[in-house]
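1. Fold the following, please.
(chains A, B and C)
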Amino acid sequence: MADVLKLGIVLMLVAVIAAGSLGFVNSLTEPLIAQQKEKAKLEAMESVAVSIVGAGVPVTFDSLSVPGLANPYAQSDAVLSVVGVFSEGHKRGYVFIAYGRGYSSTIQTMVACGLNGEITASEILYQQETPGLGANVSDPDRFLVRFTGRNTQSLFLTADGGDIDAITGSTITSRAVTLSVRRGMEAMAAAGLFQEGGQSR
Amino acid sequence: MSLTREFTKGIYKENPVFRLALGMCPFLAVTSSVENALGMGVAAGFVLICSNFLVALLRSVIPSKVRIPCYIVIIATFVTLVDLIMNAYLPDLHRSLGIFIPLIVVNCIILGRAEGFANRNTVPAALADALGMGVGFTFAMVVMATFREILGSGTWLGINLLGSPYSNQPILIAILAPGAFILMGFILGFFNMIDNRRKGGAL
Amino acid sequence: MNPFLLPTILASTSGTPDSGFSFGALMAIIIGAIFINNFVLSRFLGICPFLGVSKQLDSAVGMGAAVIFVMALATLGSWVVYHLLLVPLGITYLRTIAFIIIIASLVQLVEMILQKFSPALYQALGIFLPLITTNCAILGVAVLNIDEKFGLGYSLVHAVAAGIGFTLALVLMAGLRERLDQAPVPRSLRGLPIAFLVAGAMSIAFLGFAGLGG
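-> Here you go, the predicted model:
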């Protein structure tokens, strides 16, 4: 009995010391990690927002918590977060992140669109697709450049009846990005964020 | 055995990847670029050194019956440490290595050396062994990554070596999954060939 | 001001043709885990047992079954512990430790069960049974379920499918290796090298599945 107790105590001690030291390290690194994520997001947002307001124009962001925003990925409580782009006090457009399940990763695309619901710029934030094939989606000239100027009616791949050419050999990746962006735009349209004939530049 | 012997055996004679066939999963997965290989090698090496150190230090304190769970917790703690530190200070590398960072905890090399060596040798010997195995592992991965990166993207550590005509149409399979298997097969065959020559037999 | 305050998408799967808990999403996960992203031949998880146990067909099948079983249970345990314990307490950094302890305990359990109910299989698997603990595939699938933000249902499906994919690769390899024993392989390549080359060929074949689903 004393034997088992001793074993148990040793295990407990090891576990407690381990958890304690990790808790300490975590308290040091957690703020750093969160800070970096925010910084990366902000940088990406600023770079796509340039397409809405023009280069060199100071821009501010304001988070829109839109209630009842249609959830394109309905499974659990999910919300599409949209950020309004403001310059000189006027709302000029929106920026949001679209998540699409690609071949081997969930691809994050940051999209900037104007008040009229047309995409002005997009950028891949994260992907872990096949190098040399799907990973080429990160290169803006290979794929994302075809999104500019499109709205929810025209965001379809040639393979799905539209006229956007997928990257050769990576239909799954291309489709994931296109679908996720379109779904996001549809959700925003359903929430009434777009106005007909609005100025995007 | 002298300390230097403990160290050098991990590099060639008992190289964990090429001789002991341990640590295959990260070896094949992260060697698509030399930068990833170096990152993983250093991370795994760090965990190996720390865990060998602690296991050797506590070898008379930890009762034999619960030694494996204790070793696992110790190793997992250092792996989590590496995970957190990498996420905070080297986020790009952390993202490239992905799930293989937490998978360092099941890297057979680390548990293997803890159970097979560190728990019955002195601290200096365990440290030398860990250092040798870590260097050997990193060395093996860099060799493999060199082949794969040059063939598969025309670069080495990101430096374009073969010029743009090559990097536009490289031998893509080298950085994809099959390339890892095939190259590993040939590398192991090469080492066998060296051994057979030494023994004077047929190739 | 902090835009994107809400953690954006917590969906189980996204970007598939149908949203929500649908057959389409389910099939995508199953086909994905078994063929398109086969755990052994694509993701490089579970290589050690893949090379070690694939020399004979029956031990391959037995190992595969054991792995599927442990994967399912480990996924259940790890998902529950992560979402119902670590997340609410804010100690998600203890994930690696918690998962590996769960897996180690489960393998111990499986060992005891096998020893009692199927001693033949227990003997056949030998040293490889405790080695399931260090099988990257099991910890890998547990971590992947969390990273891909699957719900419990999808996680379990993913785990079983991954196990089936692992078993498939193992069984195919075993069948080939039994024949390799009689083939005229050059001496340097005998044993592990030719096994790797064969795995490479299989990997190329599985790469062809990339076109599945579009």
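2. now C:Gly140, nearest residue through space, not along the chain?
-> Spatial nearest neighbour of C:Gly140, chain neighbours left out: C:Leu45 (4.2 Å); criterion: C-beta to C-beta, 6 or more residues apart in numbering or on different chains. Placement of C-beta: from N, CA and C, glycine included.
3. can you list the residues of chain A near chain B?
-> Proximity of chain A to chain B, by C-beta under 8 Å from any C-beta of the partner chain, involves residues A:6-7, A:10-11, A:14-15, A:18, A:21-22, A:25-26, A:28-29, A:32-33, A:36, A:40, A:126, A:128, A:130-133.
4. Which members of those occur in helices, if any?
-> Applying DSSP state H to those, the entries found in helices are A:6-7, A:10-11, A:14-15, A:18, A:21-22, A:25-26, A:28-29, A:32-33, A:36, A:40.
5. Next secondary structure after the longest helix along chain C?
-> The longest helix of chain C (DSSP H) is helix C:152-180. Using DSSP states H and E, the helix or strand that directly follows helix C:152-180 along the chain is helix C:192-207.
6. Which other helices and strands does that next one contact?
-> Here helix C:192-207 touches helix B:177-199, helix C:47-52, helix C:152-180, going by 3 or more C-beta pairs under 8 Å, 6 or more residues apart in numbering or on different chains; DSSP states H and E.
7. quick one: the helices in chain B?
-> Here chain B has its helices, by DSSP H, at B:3-9, B:24-30, B:34-57, B:67-89, B:91-97, B:108-116, B:123-153, B:163-168, B:177-199.
8. For the closest residue in space to C:Phe44 that isn't next to it in sequence, list the residues it contacts.
-> In space, and not counting its chain neighbours, C:Phe44 is closest to B:Ala29: 4.0 Å by C-beta to C-beta, 6+ apart. The contact partners of B:Ala29, by C-beta atoms under 8 Å, 6 or more residues apart in numbering or on different chains, come to B:100, B:180, C:43-44.
9. residues near the nearest residue to A:Gln127 once chain neighbours are set aside, how many?
-> Using C-beta to C-beta, 6+ apart and skipping the chain neighbours, the partner closest in space to A:Gln127 is A:Ile107 (4.5 Å). By the criterion of other C-beta atoms under 10 Å in any protein chain shown, A:Ile107 has 26 neighbours.
10. so what strands line up beside whichever strand or helix holds A:Ile107?
-> Secondary structure assignment for A:Ile107, by DSSP H and E: strand A:106-114. In the sheet, strand A:106-114 lines up against strand A:90-101 (antiparallel), strand A:119-126 (antiparallel) (DSSP bridges).
11. What's the mean pLDDT across it?
-> Mean per-residue pLDDT for strand A:106-114: 84.
12. for stretch C:73-86, same thing?
-> On average, stretch C:73-86 scores 92.
13. May I see the buried residues of that stretch?
-> C:73-79, C:81-82, C:86 (16 or more other C-beta atoms under 10 Å in any protein chain shown).
14. which among those are in contact with chain B?
-> Answer for the buried residues of stretch C:73-86 near chain B: none qualify (C-beta under 8 Å from any C-beta).
15. could those go into CSV alongside distance to chain A and secondary structure?
-> Formatted as CSV, the buried residues of stretch C:73-86 follow (distance: C-beta to the nearest C-beta, whole Å; DSSP: H, G, I helix; E, B strand; the rest coil):
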residue, distance to chain A, secondary structure
C:Leu73, 22, helix
C:Ala74, 19, helix
C:Thr75, 17, helix
C:Leu76, 18, helix
C:Gly77, 17, helix
C:Ser78, 17, helix
C:Trp79, 13, helix
C:Val81, 14, helix
C:Tyr82, 15, helix
C:Leu86, 11, helix
